[in-house]
Every structure is written in structure tokens, then in C-alpha cells.
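[1] sharing a model prediction with you, sequence too.
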Amino acid sequence: MDTNFIFDPAGRDEDAFLIKGNTFGVFDGANNRNNFFDKAGRSGGQLAAQIAKEAFALNDRPLKDLAVLANENIKNQMVSSGLDIKDALNRWHCIFAVVRMAEEYFEYIQLNF
């Protein structure tokens, strides 16, 4: 399989991708209205995409459950970063599409705004 990038994987981008075993995913993070950046200079969108990727990389339960885990992990990181998540405009976001291949079928999950 060839992998082609349409963005610079080393650059400052709010995208992430996953290729692990039989699971493939793309993740697009979005920052909040306050343009949050952590101490390492990562935006909330970058963090959200990476957190979602890490959840799906577990590949140990149904895709829907991994999506719930990703969402919970993003929420926990926002709270620990001091964001007031009661206001939806303060939240980070991540849209994604993930496919898990099997010999005779495949599963997929997609989330977008």
C-alpha cells in the first residue's frame, strides 16, 4: 500500500491519520474560538485529532465505543487544560472517518459537523 500526503505531516496541522493493522482513519481537528495553544505550542485542534487517533489505535472494541472513548478523552483534556466546556464555543472538535477491514466485511464510522 502506498501512502500519499496532501499535507505536511511534520508541519503545524490539525490533521492526523492512522494506519494500524486492519484499521485506517483520518482525523481533522478544529480549535475553539479562543485559539487555545498548550505549553508545547499545539492547538486544541491538533490535540483533539491526536487524542482521537490514539483512541482508535487501541482497536480493542467496536468502533462506536472507540468514538465514545475519543470524545471522553478530548473532554477530559479540555477540562484539565482549564477550558470552560459549558460554553460550546470553548470546545475543541474533531471530525473523522475510520474503517476496520476484515476478511469478508468491513466496518466504518464517520463523524462530521
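    Yep, that arrived.
[2] now the helix or strand containing Phe96: buried residues?
    In this assignment (DSSP states H and E), Phe96 forms part of strand 93-101. For strand 93-101, burial by neighbour count (16 or more other CB atoms under 10 Å) applies to His93, Cys94, Ile95, Phe96, Val98, Arg100. In this view, the C-beta of every residue, glycine as well, is placed from N, C-alpha and C.
[3] also stretch 60-78?
    Leu63, Leu66, Ala67, Leu69, Ala70, Asn71, Asn73, Ile74, Gln77, Met78.
[4] quick check: angle from the stretch of helix or strand the second one belongs to to strand 93-101?
    This points to Leu66. Assigned by DSSP H and E, Leu66 belongs to helix 63-80. Orientation of helix 63-80 against strand 93-101 (axes from the mean of the first three to the mean of the last three CA atoms, to 10 degrees) gives an angle of 150 degrees.
[5] can you list contacts of helix 63-80?
    Identification of contacts with helix 63-80 by CB atoms under 8 Å, 6 or more residues apart in numbering yields 44, 47-48, 51-52, 54-56, 58-59, 61, 85, 90-92, 94, 96, 98, 100, 107-109, 111.
[6] those in strands, which ones?
    With strands taken from DSSP state E, the overlap with the contacts of helix 63-80 comprises Cys94, Phe96, Val98, Arg100, Glu107, Tyr108, Ile109, Leu111.
[7] all good on my end, thank you.
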